[in-house]
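Participant: my questions concern the predicted model and sequence given below.
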Amino acid sequence: MTDQFTFSNPVTLYHQGGFEPQPQDGPGLASQQSPKPDHGESTYRGTGRLTGRKALVTGADSGIGRAAAIAFAREGADVVLTYLPAEESDAREVAALVEEAGRKAVLAPGDLTDEQFARSLVATTVRELGGIDLVANVAGKQQHVEDIADLTSAQFDETMRTNVHSLFWIVQEAVPHLPPGSTIVNTASIQGYQPSPNLVDYATTKAAIITISQALAQQLAPKGIRVNVVAPGPVWTPLQVAGGQPDDAMPEFGTSTPLGRAGQPAELAPAYVFLASPESSYVVGEVLNVNGGMPTP
Ligand code: NAD
Ligand code: MG
């Protein structure tokens, strides 16, 4: 398999076409997906860009968060991994990969909709890693609902709390601990600008994540803390099969992008590394779209 430095055709680099419907109960497991997603396990090559960094990664068990956690570790960072307790088996695979990279992995399961737990993650990171200088907010909830009549207040609230409130709680708690040079990378979506009719609550949170990040980026830049955003397009992760899309959308998933295929989590990792590392020192409040070619504002 080629790594991220090997000259290759992006059209044919990964699985082409859609996917078999394969519903999982939420939050879903990467280990149950077929075909197996690529999180960079056998391909991501670090170049020391995050040497000695202390990272908190939410949603680090699977999908894009797993790819970011693996890449951060191979770039030299120690990592606190958060995820829901039901995802313990996925998280343990990631922790093993972080440790194989010679870095410390700390497992921190819990529910980000619980304010106390979300806030406590910063203290956990400071205690376990001796500080914190990198926050990657990757966790997210996406459940499609075709008709506004069926979108419950409970779901609306949970999507908001998972995707937006937890980011606010973690960043507010982290700022007093973040030394100049620290970086925060948040996760939006193409849905932040091109909302699907069946993702009313989710798309709203993704627009909010862009806006909160742009506001915070300006506020924190004078402190030497940079805030940026990665906005993925369709990516092959458990989020999509565990209620993120209707089952009958899976055969088409990702095929309408200009590259004609879904992205793999491994293709997102370099964006997180770039925005987390000092090589992006003059990039502040930016949204890096990694979406297979869909135009964005
Ligand atoms: P994923 O399911 O692998 O990751 C999402 C993670 O969020 C889960 O692993 C889970 O650990 C975490 N999470 C959800 N609810 C939680 C809660 N209440 N408490 C603690 N953790 C919770 O899927 P993914 O696609 O890798 O998602 C990662 C991010 O990428 C999300 O923010 C998602 O919105 C975003 N994104 C994904 C796509 C895509 O097509 N997959 C597209 C655009 C944006
Ligand atoms: Mg998961």
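Facilitator: Yep, that arrived. Ligands and ions are numbered 1, 2, ... in the order given.
Participant: C-alpha only now, for contacts and for neighbours.
Facilitator: Fine.
Participant: how about the residues of the stretch 151-297 of the chain near ligand 1?
Facilitator: Contact residues, the stretch 151-297 of the chain versus ligand 1 (CA under 6 Å from any ligand atom): 162, 187-189, 232-240.
Participant: let's see it at 5 Å
Facilitator: Counting by CA under 5 Å from any ligand atom, the residues of the stretch 151-297 of the chain close to ligand 1 are 189, 232-235, 237-239.
Participant: tell me the two of those that are most distant?
Facilitator: Greatest spacing in those, by CA to CA: 189 and 238 (15.6 Å).
Participant: out of the residues of the stretch 151-297 of the chain next to ligand 1, list just those in strands.
Facilitator: Taking DSSP state E as the definition of strands, these contribute residue 232.
Participant: Throw the residues of the stretch 151-297 of the chain next to ligand 1 into JSON lines and include pLDDT and neighbour count, thanks.
Facilitator: Listed next are these as JSON lines, based on pLDDT from 0 to 100; neighbours: other CA atoms under 10 Å:
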{"residue": "189", "pLDDT": "98", "neighbour count": "26"}
{"residue": "232", "pLDDT": "98", "neighbour count": "23"}
{"residue": "233", "pLDDT": "98", "neighbour count": "21"}
{"residue": "234", "pLDDT": "98", "neighbour count": "22"}
{"residue": "235", "pLDDT": "98", "neighbour count": "24"}
{"residue": "237", "pLDDT": "98", "neighbour count": "24"}
{"residue": "238", "pLDDT": "98", "neighbour count": "25"}
{"residue": "239", "pLDDT": "97", "neighbour count": "23"}
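Participant: and which of the residues of the stretch 151-297 of the chain next to ligand 1 is nearest residue 37?
Facilitator: Distances from residue 37 to these, taken by CA to CA, are shortest for residue 237, at 7.0 Å.
Participant: quick one, what contacts that closest one?
Facilitator: Applying CA atoms under 8 Å, 6 or more residues apart in numbering, we find residue 237 in contact with 30, 33, 37, 62-64, 264-265.
Participant: reformat those residues as CSV; add pLDDT and secondary structure.
Facilitator: Putting the contacts of residue 237 into CSV (pLDDT from 0 to 100; DSSP: H, G, I helix; E, B strand; the rest coil) gives the following:
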residue, pLDDT, secondary structure
30, 97, helix
33, 97, coil
37, 98, coil
62, 98, coil
63, 98, helix
64, 98, helix
264, 98, coil
265, 98, helix
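Participant: ok so residue 106 is a strand residue?
Facilitator: Yes: counting by DSSP: H, G, I helix; E, B strand; the rest coil, residue 106 is found in a strand.
Participant: ok, the residue lying closest to residue 281 once chain neighbours are set aside to residue 61 distance?
Facilitator: In space, residue 281 comes closest to residue 226 once its chain neighbours are excluded; the distance is 7.9 Å by CA to CA, 6 or more residues apart in numbering. Distance of residue 226 to residue 61, given as CA to CA, to the nearest Å: 25 Å.
Participant: ok, now residue 153?
Facilitator: Shown here: residue 153 relative to residue 61, a distance of 28 Å by CA to CA.
Participant: what about the two, which has more around it?
Facilitator: Legend: neighbour count by other CA atoms under 10 Å for residue 153 and residue 61, higher for residue 61 (29 against 9).
Participant: tell me who's in contact with the nearest residue to the more buried one once chain neighbours are set aside.
Facilitator: Take residue 61 and drop its neighbours on the chain: the residue closest to it by CA to CA, 6+ apart is residue 91, 4.1 Å away. Applying CA under 8 Å, 6+ apart to residue 91 gives the contacts 60-62, 81, 83, 107.
Participant: now for those residues, which pair is the farthest apart?
Facilitator: The farthest-apart pair in the contacts of residue 91, when distances are taken by CA to CA, is 62 and 107, at 13.4 Å.
Participant: higher neighbour count, those two?
Facilitator: Set residue 62 next to residue 107 and count neighbours by other CA under 10 Å: residue 62 wins out with 28 against 18.
Participant: residues near the nearest residue to the more buried one once chain neighbours are set aside, how many?
Facilitator: Closest residue to residue 62 apart from its sequence neighbours, by CA to CA, 6+ apart: residue 30 at 5.6 Å. Neighbours of residue 30 under the rule other CA under 10 Å: 23.
Participant: contacting residues for residue 30?
Facilitator: Under the criterion of CA under 8 Å, 6+ apart, the neighbours of residue 30 are 36-37, 62-63, 90, 237-238.
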